[in-house]
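>>> The sequence isn't on hand, but the structure is:
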Ligand code: NCD
């Protein structure tokens, strides 16, 4: 966050959620607890509430998204909100004045929450600085920088499977350099006290040395995965690397693909995660993605619960019934 801007209000509640940087452990735990209360057993009807009754949530997604967008929409609807979904280019790359005019226009239609996904760093904060006093901005993904609700749902999934964070070894594998998922997972898990976070990537996908403070870095998947309790695979972002920078997918799979043989090097009860969408046969084989250790579908279910929790928290902070 840049100078003079805080996503928290004077009481420490989130008015906006743009990043997990600086969000205290107690608040993250409160959001996880609230999300857990929105998790229902398989086969049961989804939970509903009226925390957002009368509110309108606008999903403004300038990048493709299936699960994040659908889960924000379902979370809002299940809490009683009206929703609109717009494919808009907010970024200044699109057209000069359009960002703030788009926001003002929707504000006049009484939108209370903007959920924004955009490839331009800083857009979320820029919008948050310009919205009216009763309006919140929640990130659905910001460039390569931040994906806070993904970080929360990953933390919730680990907590459900492992009972907590103490003493865990968590290994993140893949295109860490360009991954907002990895950055938000690292932030959430560091704050929650995970003992050891490892990042595994080929040199071109390693982040700058100043990033991922405290994480152990590995060039070899076999070494980085050894004894891990949680293995989080990331998508090869083929759309962001073309021409000379394109990845040789066969070679990548050879060196960094998660296979049934490789996962055996992890801890006996290790779980496998992936934010989706997956490139099956590249970063992960179908045997592993659909196998007994895979929590990938549970992550999707938890995504709705986490987004309900964040929306309800923001609404409560604005004076709605908790
Ligand atoms: C990720 C994203 O878009 O940041 N997906 C997601 O939100 N579930 C990861 C990706 O695109 O690889």
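Happy to help now that I have it. Here the structure is a predicted model, which means the values were calculated and not measured.
>>> Count the neighbours of residue 237 for me.
Residue 237: 16 surrounding residues under other Cβ atoms under 10 Å. Placement of C-beta: from N, CA and C, glycine included.
>>> ok, it to residue 43 distance?
35 Å (Cβ to Cβ, to the nearest Å).
>>> And for residue 14?
From residue 14 to residue 43 the distance is 32 Å (Cβ to Cβ).
>>> Pick out whichever of those two has more residues nearby.
Using other Cβ under 10 Å as the criterion, residue 14 and residue 43 rank with residue 14 on top: 21 against 5.
>>> Thought residue 317 was touching the more buried one, still the case?
Yes: between residue 14 and residue 317 there is a contact under Cβ atoms under 8 Å: 6.2 Å.
>>> What pLDDT is listed against residue 1?
What the model reports as pLDDT for residue 1 is 70.
>>> meant to ask about residue 100
Note on residue 100: pLDDT of 84.
>>> out of everything not next to it in sequence, what's closest to it?
residue 130 (5.5 Å; Cβ to Cβ, 6 or more residues apart in numbering).
>>> who in the stretch 51-200 of the chain is up against the ligand?
67, 68, 141, 147, 150, 180, 181 (Cβ under 6 Å from any ligand atom).
>>> Could you report the neighbour count for the residue in the stretch 201-322 of the chain that the ligand sits nearest to?
Closest to the ligand within the stretch 201-322 of the chain is residue 235: 3.4 Å, counting by Cβ to the nearest ligand atom. Counted by other Cβ under 10 Å, the residues lying close to residue 235 total 20.
>>> quick one: contacts of stretch 211-230?
158, 161-162, 168-173, 176, 182-183, 186, 190, 196-203, 206, 231, 255-256, 258, 262-263, 265-267, 269-271, 273 (Cβ atoms under 8 Å, 6 or more residues apart in numbering).
>>> can you give me the strands for the stretch 151-300 of the chain?
Per DSSP state E, counting those that start in this stretch, the stretch 151-300 of the chain carries strands over the ranges 169-173, 196-200, 216-218, 230-233, 271-273.
>>> so of those, which one's packed in deepest?
strand 230-233 (a mean of 28; mean count of other Cβ atoms under 10 Å).
>>> if you look at that strand, does any of it touch the ligand?
No: Strand 230-233 stays clear of the ligand (Cβ under 6 Å from any ligand atom), getting no nearer than 10.1 Å.
>>> Tell me the gap between that strand and the middle of its chain.
14 Å (Cα atoms, centre = their mean, to the nearest Å).
>>> Likewise for stretch 18-31?
13 Å.
>>> Do I have it right that residue 255 meets residue 202?
Yes: counting by Cβ under 8 Å, residue 255 does reach residue 202; the two are 6.9 Å apart.
>>> between the two, who's got more neighbours?
Between residue 255 and residue 202, counted using other Cβ under 10 Å, the more crowded position is residue 202 (18 against 13).
>>> Could you pull up the residues touching that one?
Counted by Cβ under 8 Å, 6+ apart, residue 202 has contacts 219, 252, 255, 256.
>>> repeat that with 7 Å
219, 255, 256 (Cβ atoms under 7 Å, 6 or more residues apart in numbering).
>>> dump the residue contacts of the second one.
Okay, so that is residue 255. 202, 221.
>>> Please report the distance of it from residue 304.
35 Å.
>>> The first one too?
When Cβ to Cβ is the yardstick, residue 219 and residue 304 sit 36 Å from each other.
>>> and if you look at the last one?
Taking Cβ to Cβ as the measure, residue 256 falls 30 Å from residue 304.
>>> So the two - more neighbours on which side?
Higher neighbour count among residue 256 and residue 304: residue 256, with 26 against 23, using other Cβ under 10 Å.
>>> May I ask you to confirm that that one is in contact with residue 173?
Yes: here residue 256 reaches residue 173: they are 6.3 Å apart, a contact under Cβ atoms under 7 Å.
>>> Show me the shaky parts of the stretch 1-150 of the chain.
89-97 (pLDDT under 70).
>>> the helices in it, which residues?
In the stretch 1-150 of the chain, the helices defined using DSSP state H, counting those that start in this stretch lie at 25-36, 67-78, 98-108, 123-130, 148-162.
>>> deepest of those helices, which one?
Taking mean count of other Cβ under 10 Å, helix 148-162 is the most buried of these, at a mean of 25.
>>> Report the inter-axis angle for whichever strand or helix holds residue 304 versus helix 67-78.
Applying DSSP states H and E as the criterion places residue 304 in helix 296-317. Orientation check (axes from the mean of the first three to the mean of the last three Cα atoms, to 10 degrees): helix 296-317 against helix 67-78 gives 50 degrees.
>>> Flag every buried residue along helix 296-317.
Along helix 296-317, these residues count as buried under the neighbour rule (16 or more other Cβ atoms under 10 Å): 296, 298-315, 317.
>>> Then stretch 278-291?
278, 279, 282, 283, 284, 285, 288, 289.
>>> who's in contact with the fourth one?
Going by Cβ under 7 Å, 6+ apart, residue 283 touches 174, 233, 234, 235, 236, 256, 257, 258.
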